[in-house]
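here's my sequence, what's the structure:
(4 chains)
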Amino acid sequence: MRSTSTNNEIIGELQVLVFGPQARTVGTDRMKLGKTKFPITADALMSRIVETYPNLSSSIGVSRLAVNHEFVESNSLINAQDEVALVGLISGG
Amino acid sequence: MRSTSTNNEIIGELQVLVFGPQARTVGTDRMKLGKTKFPITADALMSRIVETYPNLSSSIGVSRLAVNHEFVESNSLINAQDEVALVGLISGG
Amino acid sequence: MENQSTDATVRVRLSRGPIGLANPIMLSQSQTAIAGAVMTFRGCVRSSEVDQDRASKPILGLEYEIYEPMTSRELHRLAVQFATKFGVIAVDVEHSFGFVENGECSFVLQVVTSHRREAIAFIDEFIDAMKRHVPIWKVPRWGECELSS
Amino acid sequence: MENQSTDATVRVRLSRGPIGLANPIMLSQSQTAIAGAVMTFRGCVRSSEVDQDRASKPILGLEYEIYEPMTSRELHRLAVQFATKFGVIAVDVEHSFGFVENGECSFVLQVVTSHRREAIAFIDEFIDAMKRHVPIWKVPRWGECELSS
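Reported below is the predicted structural model:
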C-alpha cells in the first residue's frame, strides 16, 4: 500500500481481495482502487468498486465487505492499513 | 384357540398379544378373553380388554389393535382365527 | 394403506443389541451423480429415564421389544411413503431389539437426497411417524440394586 | 457480534480436498450420559451444476476457496451461536478447500444433542447461516473439453 498524506488526509491505492466467481469475473483476486481518500466508508467503497469493475454490478447487491476479517456495516470507516475483502457469491456446504 | 360354534355364532377364548410396558402392567404377554363372541368389532374388543384388565385403562386411549399384523379401524370385525395384538405405549427410536 | 411405488433404494433391518457405526449406503453411479446430501440420525440410550412418577431415574439400558413381521413391515411402509413424498434417492433404517446398554445406539436412519431440505424433512417426518405407528416398545432396566433375595 | 459462551464442545476444521467418512465425535462420560441424538450431515458434489445461463451442465468437480482466518472464525462463531441456542452437547464442522471431485463430499457437520428436535434445528439453521455468512466460494470445473490451444 503506497499512500501520501496531506493535512491528515491520506490518499493512496486500496487493494480489495476478491474470491471465487467474482474473482473470475474481474480477472484478478486483488482489485486495485487508485487514489482512494482515507478514511472511506464501506458504502462509498462499494460504489467505487462497481465504478472501477462494472462487471461486478450484478453481484454487488449480494456482497458485503469484510475489514480485518470481520463483516462491517455500511457506514463503517476503512483506513489505509486495513485488510479489505469483498465477500459475495458465497456458497459453502 | 378353543371355540364352540352355535348357529353360526362362534364363542371362544380370544388371545391378545401385549408388549412392553403394558405387558409388564398385566403380567403377561398374552391376554386371555374367555367366552368371546365372534365376530367382534375392534371397539368392542377394546372394551372387553379394559374390563378384564382394568390396569390398562390409563393406556388404552393411546393403543390400537393390529389384526394379522395390520392396524384396524374401530369397526373392523375380528374373527376367531385372527392373530390380534394390542399396540400401545410404543416408543421406537 | 395405498399401494405406493418409489425409485428409492429402501433397506430395513432389525438387529439384536446395540448398533455400531452404520455401514454407509452403497449407491449406484447414477444415484451418486445426483446425491448432494447424506444425512444420518443415530438414536442412543441415555443414562436415565423418566419413571411412572415423572422422576428421572438412572438406568442400565433399555430393553426393546418388537412384533415381527409387523415391525419390519411398518418400518418399510413408512420408509417408502416418505421416500416417495420427498423424492429420496436411498434410505436405510436399522433398529435394535433386545437389550441396549446406555451410551449405545438403538436406531440408525440414513437418507440420501439431492438437497438438504428433503433429507431433513424426511428424517423429521419419518421419526415422528415411526414413534406413532411402528410396534417397537422399550422397557427401562433401572440402575438401582434389584433385590435378588 | 456478542460474546457468547457455551458448554458445548465445538470443533472446526478446514481440509484440503474431499472429506472421507467423518471421525465420530468423542464424548466425555458425562456428555454420553445425556446424548440421545447424533446427527451427521454430509454435503457432496453432484455431477452437474447450473451455469450462468441457468442450464445444467456436467462438471468434473468443484474448486472451493476460503479466506483464512475469517472462514474458520465465522464457522466457529456460528457453531457456538447455534450450539448455545439449541443446548447442543457437541458439534464438529469440517469443510473442504481446493478441488473436490464429483461424488466426493466437501462438508461434514456432526452434532450431538439430548433429543432429536434440537439436532435437526441446529443442522438446518447452521447450514442456512453458513450459506449466508461464511466466506467459502465454489467454482465449477466444467466437464467439457477445455481448449488448451
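
count the residues that sit near residue C:114.
Other residues near residue C:114 come to 16 when the count uses other CB atoms under 10 Å in any protein chain shown. Quick note: C-beta positions are derived from backbone N, CA and C, even for glycine.

please apply the same query to residue A:58.
12.

how about residue A:91?
15.

what of residue C:30?
Using other CB under 10 Å: residue C:30 sits among 10 other residues.

that one belongs to a helix?
Yes: assignment of residue C:30 by DSSP: H, G, I helix; E, B strand; the rest coil places it within a helix.

can you pull the residues of chain A lying near chain C?
residue A:93 (CB under 8 Å from any CB of the partner chain).

against chain B, how distant is the residue in chain A positioned nearest to chain C?
At 7.6 Å from chain C, residue A:93 is the closest residue in chain A, using CB to the nearest CB. In this structure, residue A:93 and chain B are 27 Å apart, going by CB to the nearest CB, to the nearest Å.

contacting residues for residue A:75?
A:41, A:42, A:43 (CB atoms under 8 Å, 6 or more residues apart in numbering or on different chains).

show me what contacts the residue of chain A closest to chain C?
Residue A:93 neighbours (CB under 8 Å, 6+ apart): C:116, D:43, D:95, D:106, D:107, D:127, D:130, D:131, D:136.

again with residue A:66
A:72, A:84, A:85, A:87, D:67, D:70, D:135.

check for me that it belongs to a strand.
Yes: the assignment for residue A:66 is a strand, going by three-state DSSP.

quickly list what it is bridged to.
Beta-bridge pairing for residue A:66 (DSSP bridges): residue A:71, residue A:85.

do residue C:99 as well
Assigned bridge partners for residue C:99, using DSSP bridges, are residue C:63.

just checking, it touches residue C:63?
Yes: counting by CB atoms under 8 Å, residue C:99 does reach residue C:63; the two are 5.3 Å apart.

identify the contacts common to these two.
residue C:141.

up against chain A, what does chain C have?
residue C:116.

all strands for chain C, in order.
According to DSSP state E, chain C carries its strands in the segments C:9-16, C:37-44, C:48-50, C:56-66, C:90-101, C:105-113, C:136-142.

the last one vs chain D: in contact?
No: using CB under 8 Å from any CB, strand C:136-142 stays clear of chain D, with a minimum separation of 12.3 Å.

between that strand and strand C:9-16, how many degrees?
Counting by axes from the mean of the first three to the mean of the last three CA atoms, to 10 degrees, strand C:136-142 lies at 30 degrees to strand C:9-16.

ok so, going back, which of the contacts of residue A:75 fall in strands?
Going by DSSP E, the strands hold residue A:41 from those.

mean pLDDT lowest for which of the strands of chain C?
Here the strands of chain C differ in mean pLDDT, and the lowest is strand C:48-50 at a mean of 88.

report the buried residues of that one.
C:48, C:49 (16 or more other CB atoms under 10 Å in any protein chain shown).

so which residues on chain A come close to chain D?
So far as CB under 8 Å from any CB goes, chain A lies against chain D at A:17, A:19-21, A:23-24, A:66, A:69-71, A:85, A:87, A:89-93.

switch to 10 Å and redo it
A:17-24, A:29, A:58, A:62, A:64, A:66, A:68-71, A:83, A:85-93 (CB under 10 Å from any CB of the partner chain).

just the buried members of those residues?
Buried among the residues of chain A next to chain D by 16+ other CB under 10 Å: A:17-23, A:64, A:66, A:69, A:71, A:85-90, A:92-93.

nearest to chain B among the contacts of residue A:75?
residue A:42 (48.7 Å).

what residues are up against the closest one?
A:64-67, A:71-78, A:84 (CB atoms under 10 Å, 6 or more residues apart in numbering or on different chains).

repeat that with 6 Å
Residues in contact with residue A:42 (CB atoms under 6 Å, 6 or more residues apart in numbering or on different chains) are A:65, A:72, A:74, A:76.

spatially central residue in chain A, please.
residue A:16 (4.3 Å; CA atoms, centre = their mean).

report the secondary structure element holding it.
strand A:9-17 (DSSP states H and E).

top of the contacts of residue A:66 by neighbour count?
residue D:135 (26 neighbours).

just the contacts of residue A:42: which has the poorest pLDDT?
Within those, residue A:74 has the lowest pLDDT, namely 93.

name the SS class of it, please.
coil.

in chain C, what residue is nearest chain A?
Per CB to the nearest CB, residue C:116 is where chain C lies closest to chain A, at 7.6 Å.
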